[in-house]
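>>> quick one: sequence plus predicted model below, questions after.
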Amino acid sequence: MLSEKLLNEMNDQIKHEMYSANYYLAMAAYFNDMDLPGFASFFRIQAQEEQMHAMKFFDFIDEVNGRVQIKALDEPQNDFESVESVIEAALEHEKFVTSRIHLLMEIAVEEKNYPAVSFLNWFVDEQVEEEATMQDLLTKIQRVGSKGHVLYLLDKEVGSRQPE
């Protein structure tokens with residue numbers, strides 16, 4: 001059973017995960033426009049992962065007999081200045097998602113809702129991976145630059161990512 005507070009925050013998290021999916025699709029569209037298919041593919045896969053995360057929350061709420069409520073999404077940013085600015089935005093967004101997951105965990109621990117704690121542990125670990133992935137990508141872009149043939153080699157490397 002979920003408290004009203006935890007249920008409301010989990011329903012908000014579904015919204016945030018779906019917004020994340022849209023945000024990453026906007027980034028994929030930017031990379032398509034920049035003729036960087038590897039980066040576009042990477043962010044399409046990222047969008048699919050975020051949709052999966054939303055469904056995990058949906059299923060958990062349903063499993064514990066909570067009421068899922070789907071909330072409206074804001075329009076994501078669609079225009080970006082550079083490859084580096086996109087990756088910086090993605091990293092900052094992942095940090096925001098991490099703060100949301102930590103908030104949910106704090107509530108679950110405070111309420112001694114151990115099924116929710118167990119469920120949220122997966123997301124805590126996932127966010128460590130998500131931030132590390134974006135930080136690694138940003139570091140590579142900062143080292144090689146976002147122009148020229150090296151960018152196209154990095155695009156090919158990034159595009160080799162497979163869905164999980």
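Nice, thanks for sending it over.

>>> now do the contacts for the closest residue to Met27 other than its chain neighbours.
Of all residues not flanking Met27 in the chain, Phe43 sits nearest, at 4.4 Å (Cβ to Cβ, 6 or more residues apart in numbering). Where you see a C-beta, it was placed from the backbone N, CA and C, and this is true even at glycine. Neighbouring residues of Phe43 by Cβ atoms under 8 Å, 6 or more residues apart in numbering: 24-25, 27-28, 31, 90.

>>> buried residues of the helix or strand that contains Phe43, list them for me.
Phe43 is part of helix 37-63 when elements are defined by DSSP states H and E. Buried positions in helix 37-63, judged by neighbour count with 16 or more other Cβ atoms under 10 Å: 37-47, 49-51, 53-54, 56-58, 60-61.

>>> and Glu17, what is it in contact with?
Taking Cβ under 8 Å, 6+ apart as the test, what Glu17 contacts is 50-51, 53-54, 57, 97.

>>> and those, which two are the farthest apart?
The distance between the two most remote of those (Cβ to Cβ) is 13.6 Å, for Gln51 and Val97.

>>> report the angle between the very next helix or strand once past the helix holding Phe43 and helix 37-63.
Downstream of helix 37-63, the first helix or strand assigned by DSSP H and E is helix 83-110. With axes from the mean of the first three to the mean of the last three Cα atoms, to 10 degrees as the basis, helix 83-110 and helix 37-63 are set at 20 degrees to each other.
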